[in-house]
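S.K.: predicted model and sequence below, questions to follow.
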Amino acid sequence: MTTELNSVQNAQRDMRVAYANGSTGLIASGLVWIIAGIVACYSMPIHAVLALFIGGMFIFPLSIVICKLMKCSGNHSKDNPLGSLALEVTFMMLVCLPIAYVVFTHTAEWFFPTMMLVIGARYLTFSTLYGLRTYWLCGGALIASGFALVALKAPFITGAFVGGGLELLFAAFIYPQKRHD
C-alpha cells in the first residue's frame with residue numbers, strides 16, 4: 001500500500017513540476033475563452049463558438065510555451081501512468097464538443113455555460129492528476145457558474161468572460177501552490 005501511495009504521489013509530483021501545477025493550461029485556456037468573448041462582442045455568435053473550438057486546439061501547445069517561459073519542462077516522464085489519465089479526460093472533453101454545438105443550435109445563450117460544465121467536469125479529475133484538491137474548487141466553480149448563467153438567463157457573451165475569468169483566477173491561485181517538489 002505504501003509503495004503504491006508513494007508511486008501515485010511521485011507521479012503527481014512529476015506532473016506538478018512539469019506543468020507548473022497545471023496553471024499553464026489554465027492560463028492558455030482562460031485566454032482562449034477571453035478571446036472567444038471578445039469575438040462575441042464584435043461578431044456573430046457562431047464566430048465566438050468557432051473561436052473557442054479552434055482556439056481550444058492550441059491550448060496544449062500554448063501551455064507548453066507558457067511552461068517554458070516559467071522555466072518548467074512542459075514534459076512529464078514517459079513512464080508516468082498519469083499521462084494516460086490526462087489523455088483520457090481530454091478525449092472525454094472532445095466527445096462532448098458536439099453536444100455543446102447542438103445546445104448552441106437550440107439556445108445560443110447556453111453554449112458557454114455548457115462548455116463550462118464540460119471543462120469543469122474535466123478539472124475535477126485534475127485533483128488526481130496533480131494531487132491538488134484546489135482543482136475540485138476550480139471544477140466546481142465552473143460547473144456552478146454554468147448552471148447559474150443558465151438560471152439567470154445571462155447574455156451569450158457573459159459565459160465566455162466568466163469561464164475565462166475563472167480559469168485565470170484559479171491559475172493565479174494554483175501556480176504558487178508549489179510544494180517542495
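M.R.: Nice, thanks for sending it over.
S.K.: just the mean pLDDT for stretch 40-47, thanks.
M.R.: Averaging pLDDT along stretch 40-47 gives 98.
S.K.: just stretch 7-27 next, same as before
M.R.: pLDDT averaged over stretch 7-27 gives 94.
S.K.: what does stretch 133-152 give?
M.R.: The model assigns stretch 133-152 a mean pLDDT of 98.
S.K.: CA atoms only for it, dumped as CSV, please.
M.R.: Only the C-alpha atoms of stretch 133-152 are listed here, as CSV (Å, rounded to 0.1, in the frame of the first residue of the first chain):
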residue,chain,number,x,y,z
ARG,A,133,-7.6,19.5,-4.2
THR,A,134,-7.9,23.1,-5.4
TYR,A,135,-9.0,21.6,-8.8
TRP,A,136,-12.2,20.4,-7.1
LEU,A,137,-12.9,24.0,-6.3
CYS,A,138,-12.0,25.1,-9.8
GLY,A,139,-14.2,22.5,-11.5
GLY,A,140,-17.0,23.1,-9.0
ALA,A,141,-16.8,26.9,-9.6
LEU,A,142,-17.1,26.4,-13.4
ILE,A,143,-19.9,23.9,-13.1
ALA,A,144,-21.9,26.1,-10.6
SER,A,145,-21.3,29.2,-12.7
GLY,A,146,-22.5,27.3,-15.8
PHE,A,147,-25.8,26.4,-14.1
ALA,A,148,-26.1,29.9,-12.6
LEU,A,149,-25.7,31.6,-16.0
VAL,A,150,-28.5,29.4,-17.5
ALA,A,151,-30.7,30.0,-14.5
LEU,A,152,-30.1,33.8,-14.7
